[in-house]
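1. fold the following, please.
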Amino acid sequence: MFQDDGERKGQQYPTDTGPIDILAISKDKKQLLVVELKKGRASDVVVGQTLRYMGFVAQELAEPGQTTRGVIIALGDDQRIRRALAVAPNIDFYRYQVSFKLLKG
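-> Next comes the predicted model:
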């Protein structure tokens, strides 16, 4: 997790463009990671949102030599977001799956 003034931050990191869901830093401290979580299908709008957050992090938080990457995690994607991500090589996309089993006590 990213630490700001010694305080541990993880969820809902506030920015002037809205709250970042998760802001993390690599173990070697060379890369800041903006994670955007979507509970359903992600649209191409989330690419712009992630880029805005990444811009904030790059301009306001990153130290010299640090890079900024983005990750979008959603239940699904579509053609629009795939097109947008095709020209945003510093953003990765992951789909999640949820499954559970109900067992009688």
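
2. number of residues surrounding the closest residue to Leu37 other than its chain neighbours?
-> With Cβ to Cβ, 6 or more residues apart in numbering as the criterion, Leu37 has its nearest non-adjacent residue at 4.6 Å, and that residue is Asp21. The way it works is simple: take the backbone N, C-alpha and C, and place the C-beta from them, glycine included. Asp21 has 19 neighbours, counted by other Cβ atoms under 10 Å.

3. hang on, Asp21 in a helix?
-> No. Asp21 is assigned strand when assessed by DSSP: H, G, I helix; E, B strand; the rest coil, not a helix.

4. ok, now how distant is it from Val34?
-> 8 Å (Cβ to Cβ, to the nearest Å).

5. who's in contact with the residue positioned nearest the centre of the chain?
-> What sits nearest the mean C-alpha location of the chain, by Cα atoms, centre = their mean, is Val35, with 1.6 Å. With contact taken as Cβ atoms under 8 Å, 6 or more residues apart in numbering, Val35 is in contact with 20-24, 70-71, 73.

6. before we move on, what about Val47?
-> By Cβ under 8 Å, 6+ apart, the neighbours of Val47 are 72, 81, 84-85, 88, 91.

7. and the residues you listed as a markdown table, adding secondary structure?
-> Below are the contacts of Val47 laid out as a markdown table (three-state DSSP):
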| residue | secondary structure |
| --- | --- |
| Ile72 | strand |
| Ile81 | helix |
| Ala84 | helix |
| Leu85 | helix |
| Ala88 | coil |
| Ile91 | strand |
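
8. report the buried residues of the longest helix along the chain.
-> For the chain, the longest helix by residue count, based on DSSP state H, is helix 45-56. By 16 or more other Cβ atoms under 10 Å, the buried positions in helix 45-56 come out as 46-47, 49-54, 56.
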